[in-house]
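1. no sequence for this one, just the structure:
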């Protein structure tokens with residue numbers, strides 16, 4: 001899986017509905033990681049997601065693939 005899909009998956013697991021919406025926008029290409037970094041309310045969430053992705057040794061790619069498959073077809 002590519003980095004953007006993994007970040008979108010991690011962000012989607014957040015409880016905040018705005019973060020979930022932006023994660024789906026990121027997944028389908030309506031918004032970029034660079035644009036999300038510029039949003040003050042998203043900086044913390046994106047930094048945490050990048051940290052999780054970079055430091056997780058047991059990141060489940062199959063869950064990401066299932067997430068991408070489910071939401072790329074419905075959005």
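-> Sure thing, it's come through. Keep in mind that this is a model prediction, so the values were computed, not measured.

2. what's near enough to touch residue 43?
-> Taking CB atoms under 8 Å, 6 or more residues apart in numbering as the contact definition, residue 43 lies against residue 37. Placement of C-beta: from N, CA and C, glycine included.

3. What strand or helix carries it?
-> helix 43-55 (DSSP states H and E).

4. contacts for the following helix or strand past that helix?
-> From helix 43-55 onward toward the C-terminus, using DSSP H and E, the following helix or strand is helix 61-74. Where contact means CB under 8 Å, 6+ apart, the residues beyond helix 61-74 that reach it are 1, 5, 6, 8, 9, 12, 24, 27, 28.

5. Format these as JSON lines; extra columns: neighbour count, pLDDT and secondary structure.
-> Written out in JSON lines, the entries for the contacts of helix 61-74 read as follows (neighbours: other CB atoms under 10 Å; pLDDT from 0 to 100; DSSP: H, G, I helix; E, B strand; the rest coil):
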{"residue": "1", "neighbour count": "15", "pLDDT": "75", "secondary structure": "coil"}
{"residue": "5", "neighbour count": "18", "pLDDT": "94", "secondary structure": "helix"}
{"residue": "6", "neighbour count": "21", "pLDDT": "94", "secondary structure": "helix"}
{"residue": "8", "neighbour count": "26", "pLDDT": "96", "secondary structure": "helix"}
{"residue": "9", "neighbour count": "25", "pLDDT": "95", "secondary structure": "helix"}
{"residue": "12", "neighbour count": "18", "pLDDT": "96", "secondary structure": "helix"}
{"residue": "24", "neighbour count": "18", "pLDDT": "95", "secondary structure": "helix"}
{"residue": "27", "neighbour count": "21", "pLDDT": "94", "secondary structure": "helix"}
{"residue": "28", "neighbour count": "13", "pLDDT": "93", "secondary structure": "helix"}
